[in-house]
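**Student:** what follows is a predicted structure for the sequence shown.
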Number of protein chains: 2
Amino acid sequence: MGELTGYRGASLKVLSQYEISVGDLILVKAKGTEFRGSLLPRYEHADDRHVVLKLDNGYNIGIEVSSIESIKKLAGGQKPSFVAPPLPKLDPKLPKVSILGTGGTIASRIDYKTGAVHPAFSAEELYSVIPELARCAQIETEAVFNIYSENMTPSHWTKLADACTKKARSADGIVIGHGTDTMAYTSAALSFALQGIGIPVVFVGSQRSTDRPSSDAAINMVSAVTFAARAPVAGVYVAMHAKTDDASVAVHLGTKVRKNHTSRRDAFESVNTSPVSYVIDEKIEIKARNLPPRKHSILESRSKFEEKVALVKFYPGFDKLLIETLVKNGSKGIVLEGTGLGHVSTNCYVAIKKAVDDGVLVGMTSQCIWGRVRMTVYSTGRELLNLGVIPLGGMLPETALVKMMWVLGNFANAEEQKKLLQNNLVGEINERSPLERRSK
Amino acid sequence: MGELTGYRGASLKVLSQYEISVGDLILVKAKGTEFRGSLLPRYEHADDRHVVLKLDNGYNIGIEVSSIESIKKLAGGQKPSFVAPPLPKLDPKLPKVSILGTGGTIASRIDYKTGAVHPAFSAEELYSVIPELARCAQIETEAVFNIYSENMTPSHWTKLADACTKKARSADGIVIGHGTDTMAYTSAALSFALQGIGIPVVFVGSQRSTDRPSSDAAINMVSAVTFAARAPVAGVYVAMHAKTDDASVAVHLGTKVRKNHTSRRDAFESVNTSPVSYVIDEKIEIKARNLPPRKHSILESRSKFEEKVALVKFYPGFDKLLIETLVKNGSKGIVLEGTGLGHVSTNCYVAIKKAVDDGVLVGMTSQCIWGRVRMTVYSTGRELLNLGVIPLGGMLPETALVKMMWVLGNFANAEEQKKLLQNNLVGEINERSPLERRSK
């Protein structure tokens, strides 16, 4: 018996009977119809009543086991192998863009073994799936690491920031391929670490892998490279689908962006502000004023992040023990994700006071996502201020976490830490915003 | 010297000099202009350079201390006192609506002492600020408690559910005035506790207190009472401003609603679905199909909530110690707010496995807010499923927390708990949704 990954019960039985393995080209007769295609593997959690083929037209079909009259093996399984085409010839007058890979869906292909999506970044693979890249810019690529973005840690941010600092010496722009799950955390991290960078650094990802017809990988990547190569601005951005169609890609400020949908291609949104730019048909429309211009600069990168910082979401029934545990275990900072304008229940006050007294930086953000904390409106907010909780304005909770890690990682003086935390450094704080919410 | 709450430094000095107290009617001469009004108190955190008056026209003005030429006391301070008018005569043919008070902005007035907003619910106060109520329904009111909503706990939900069960015997509808901070948690709690209730239970709140011209309290309350009195449906809902104007109030399903802005009047939104109804000019437009109809029912209320349940948001740098601490301290359930389709970093797996092995219910939701977890797409998601993590579909993280508390509070059998958690009981899970996101 060959490999029959994921098949079990009735479907395993019939495939074993005909000595079929995953990858074999087969002809299945069922209810008088014939289906020709290669046998696909199944998820571990899939049912046991279907045999799944990839048909010659590229579609997958599940055939009910009970309806199968016969199976004929046409050819033995060919494990799909991947041969990247040679690098294209590049126009030496095009701007130079460095593409850094970290893993994630933008570079993923379907996993032959399990049928699921696996990240698999390499320069050649990227060129082969998105050949348009070669006409936007002279591209060089480097895989800094290759991990699922949920496994990204602050130490990865440091590595990535340092890689950007190095690349910025020669490149006209940097594009970072990144899994979408934690992309906004990493874009915030690099926004703080790479303050004063003279070129654009553009994060890009994909909500649908490149083997799917609905994949957003190509247009996102082409738009990100276009922006990195030619936009007249510097700083850290995220470029992702603006709508569900393929017409435009929105460019968001790295500190003001959030993944607000699990699966939609336009999942990324600017919060408390609008996208700074759109890329439509490889044309760049800058919408925001006051973006930093490109410049020649020797970048003084501050790329350390203190890992002992926690983001704690408050809810009814919240046990203050969590705060006490963090303090006891050496947390240097806690970002609270409070309710409304920045509140937690009064029974947390003692634990918060203890944290502040122990020198832990405690900041307040809102789980509302949109809007900003204002802790002078209600008496409970003012009590928290009196305890030493630092109000973090219109900062996203995720950005606030990253900023606190950065402040604690790069500055030793407590007063300076507090001041930096509350000062607007790279657009992360809205003092007041004409576009208070998403653009409806 | 009288009371000068909040004043300090230069402003305290000048007021003391003229022997002025908060509440005094005074005439201030500054730069050749005269200002007549009563002296307001200040926030503890306000600057020390202004003296603030409430002018006769109702506006507040801050006068810079250095510009003040003289102050004259016209009359001694009158502490504002509140006398509620007598209860209006009610039409005995109108439907009966029971309004339950819990505290919060809907019933708040400006706090004389600090200048801030304080909750102060009582039946008479409510009638006096929103006299329109008397023409919608025969109203009776009861203050179940009077707390800031951030101090609401699961035991308050039980009390409130039990109060509703009692009122449901005689009322045609119930309205619950609630602070907006945790209103969506409480509406989810009562949705589960009051399954099978035969009348509408409508939560209502206000983002702006009733002393402000922009207050949304009146129209929200009138619309909630209208819906409770006359809507042909049963179940638990939230009625709040649909837009920034005063034209319409949206009615959301109690399990699918979220406060998505700290301060906007239209902060509440249905997530992964649309509002079930709008109330416009006291007319009810039902939009959703399949809402439960009104019926006579003896309600079997299951109103217990297990408090030992935590909502834990994952982020890069997350310390698995938090999960370990919860398990060690007797948590019965943990709802993870993972990234994307439902992921956490692999270094949490050991702690999660230990939790599951110890009999802790572990569920997965997404911090994206919109969309739903799908843990079969990536290998890491499938690994979490194999560890025993329960995918919670399109449930809001906050609703999932409340549901887990409810399931653990009312059912002892572990298999039944898991099944109930994943079954759609009161509209909380989207299997697939035609309106995947907010209505743009």
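**Tutor:** That came through fine.
**Student:** from here on, just use CA atoms for contacts and neighbour counts.
**Tutor:** OK.
**Student:** what about the helices in the stretch 201-350 of chain A?
**Tutor:** Counting by DSSP state H, counting those that start in this stretch, the stretch 201-350 of chain A has helices at residues A:217-230, A:321-328, A:349-357.
**Student:** tally of neighbours for residue A:221?
**Tutor:** Residue neighbour count, defined by other CA atoms under 10 Å in any protein chain shown, stands at 28 for residue A:221.
**Student:** okay, the helices of the stretch 201-350 of chain A in CSV with distance to residue B:374 and mean pLDDT next?
**Tutor:** Listed next are the helices of the stretch 201-350 of chain A as CSV, based on distance: least, CA to CA, whole Å; pLDDT from 0 to 100:
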stretch, distance to residue B:374, mean pLDDT
helix A:217-230, 20, 91
helix A:321-328, 29, 96
helix A:349-357, 36, 97
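**Student:** just say which of the ones you listed is most tucked in.
**Tutor:** Across the helices of the stretch 201-350 of chain A, averaging neighbours per residue (mean count of other CA atoms under 10 Å in any protein chain shown) puts helix A:217-230 on top, at a mean of 27.
**Student:** other SSEs contacting it?
**Tutor:** Using 3 or more CA pairs under 8 Å, 6 or more residues apart in numbering or on different chains; DSSP states H and E, the elements in contact with helix A:217-230 are strand A:96-101, helix A:133-136, strand A:173-177, strand A:200-204, strand A:235-241, strand A:248-253, strand A:277-280, strand A:283-286.
**Student:** next, the angle strand A:200-204 makes with the first one.
**Tutor:** With axes from the mean of the first three to the mean of the last three CA atoms, to 10 degrees defining the directions, strand A:96-101 sits at 40 degrees from strand A:200-204.
**Student:** the third one now?
**Tutor:** Put simply, strand A:173-177 runs at 20 degrees to strand A:200-204, going by the same axes, to 10 degrees.
**Student:** could you give the mean pLDDT of strand A:173-177?
**Tutor:** Strand A:173-177 shows a mean pLDDT of 94.
**Student:** what does the second one give?
**Tutor:** Throughout helix A:133-136, pLDDT has a mean value of 79.
**Student:** next SSE downstream of it?
**Tutor:** strand A:138-143 (DSSP states H and E).
**Student:** select from the helices and strands packed on helix A:217-230 the stretch with the lowest mean pLDDT.
**Tutor:** When I compare those, helix A:133-136 is least confident, with a mean of 79.
**Student:** from the contact counts, what lies against that helix?
**Tutor:** The contact analysis (3+ CA pairs under 8 Å, 6+ apart) places helix A:133-136 against helix A:217-230.
**Student:** pull the CA atoms of the helix it packs on into CSV?
**Tutor:** Provided in CSV are the C-alpha atoms of helix A:217-230 (Å, rounded to 0.1, in the frame of the first residue of the first chain):
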residue,chain,number,x,y,z
ALA,A,217,-0.5,37.7,-3.5
ALA,A,218,0.5,39.1,-7.0
ILE,A,219,-1.2,42.4,-6.9
ASN,A,220,-0.2,43.1,-3.3
MET,A,221,3.4,42.3,-4.0
VAL,A,222,3.6,44.2,-7.3
SER,A,223,2.0,47.3,-5.6
ALA,A,224,4.3,47.0,-2.6
VAL,A,225,7.4,46.9,-4.9
THR,A,226,6.0,49.8,-6.9
PHE,A,227,5.6,51.9,-3.7
ALA,A,228,9.0,50.9,-2.4
ALA,A,229,10.7,51.7,-5.7
ARG,A,230,9.0,55.0,-6.6
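**Student:** pull the distance from that helix to the chain's centre.
**Tutor:** In this view, helix A:217-230 has its centroid 16 Å away from the chain centroid, taken as CA atoms, centre = their mean, to the nearest Å.
**Student:** that one versus strand A:235-241: what angle between them?
**Tutor:** Using the same axes, to 10 degrees: helix A:217-230 against strand A:235-241 is 150 degrees.
**Student:** could you tell me the angle between helix A:217-230 and strand A:248-253?
**Tutor:** For helix A:217-230 against strand A:248-253, the angle by the same axes, to 10 degrees is 50 degrees.
**Student:** just to revisit the earlier point, with distance to residue A:402 added, can I get the helices of the stretch 201-350 of chain A in CSV?
**Tutor:** Output for these, formatted as CSV (distance: least, CA to CA, whole Å):
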stretch, distance to residue A:402
helix A:217-230, 23
helix A:321-328, 17
helix A:349-357, 19
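**Student:** figure out which of the ones you listed is closest to residue A:272.
**Tutor:** helix A:217-230 (22.6 Å; CA to CA).
**Student:** how close does the closest residue to chain B within the stretch 1-150 of chain A sit to residue B:391?
**Tutor:** Closest residue of the stretch 1-150 of chain A to chain B, CA to the nearest CA: residue A:150 (5.1 Å). Using CA to CA, to the nearest Å, one gets 17 Å for the distance from residue A:150 to residue B:391.
**Student:** domain assignment for chain A?
**Tutor:** A:9-75, A:96-286, A:309-422 (automatic domain parsing).
**Student:** distance between the ends of the first one?
**Tutor:** As for domain A:9-75, its first-to-last residue distance stands at 25 Å under the measure CA to CA.
**Student:** near chain B, which residues of the stretch 301-440 of chain A are found?
**Tutor:** Proximity of the stretch 301-440 of chain A to chain B (CA under 8 Å from any CA of the partner chain) is limited to residues A:307-313, A:315-319, A:322, A:325-326, A:339-341, A:343-346, A:366-373, A:376-379, A:382, A:398, A:437, A:440.
**Student:** low-confidence ranges, chain A, go.
**Tutor:** The model of chain A has pLDDT under 70 over residues A:1-2, A:43-46, A:57-59, A:77-88, A:104-129, A:209-215, A:431-440.
**Student:** among the residues of the stretch 301-440 of chain A next to chain B, which are located in strands?
**Tutor:** Counting by DSSP state E, these place A:309-313, A:366 in strands.
**Student:** who wins on neighbours among these?
**Tutor:** residue A:366 leads these on contacts (other CA under 10 Å) with 32 neighbours.
**Student:** any figure for the gap between that residue and residue A:400?
**Tutor:** 10 Å.
**Student:** again with residue A:224
**Tutor:** 25 Å.
**Student:** residue A:346 too?
**Tutor:** 23 Å.
**Student:** those two: which has the busier surroundings?
**Tutor:** Just comparing residue A:346 and residue A:400: by other CA under 10 Å the higher neighbour count belongs to residue A:400, 29 against 14.
**Student:** quick one: contacts for the more buried one?
**Tutor:** By CA atoms under 8 Å, 6 or more residues apart in numbering or on different chains, the contact set of residue A:400 is A:335, A:365, A:392.
**Student:** turn those residues into TSV, including neighbour count and distance to residue B:175.
**Tutor:** Putting those into TSV (neighbours: other CA atoms under 10 Å in any protein chain shown; distance: CA to CA, whole Å) gives the following:
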residue	neighbour count	distance to residue B:175
A:335	28	35
A:365	34	30
A:392	26	35
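**Student:** wait, which of these is closest to chain B?
**Tutor:** Closest approach between the contacts of residue A:400 and chain B, by CA to the nearest CA: residue A:365, at 10.2 Å.
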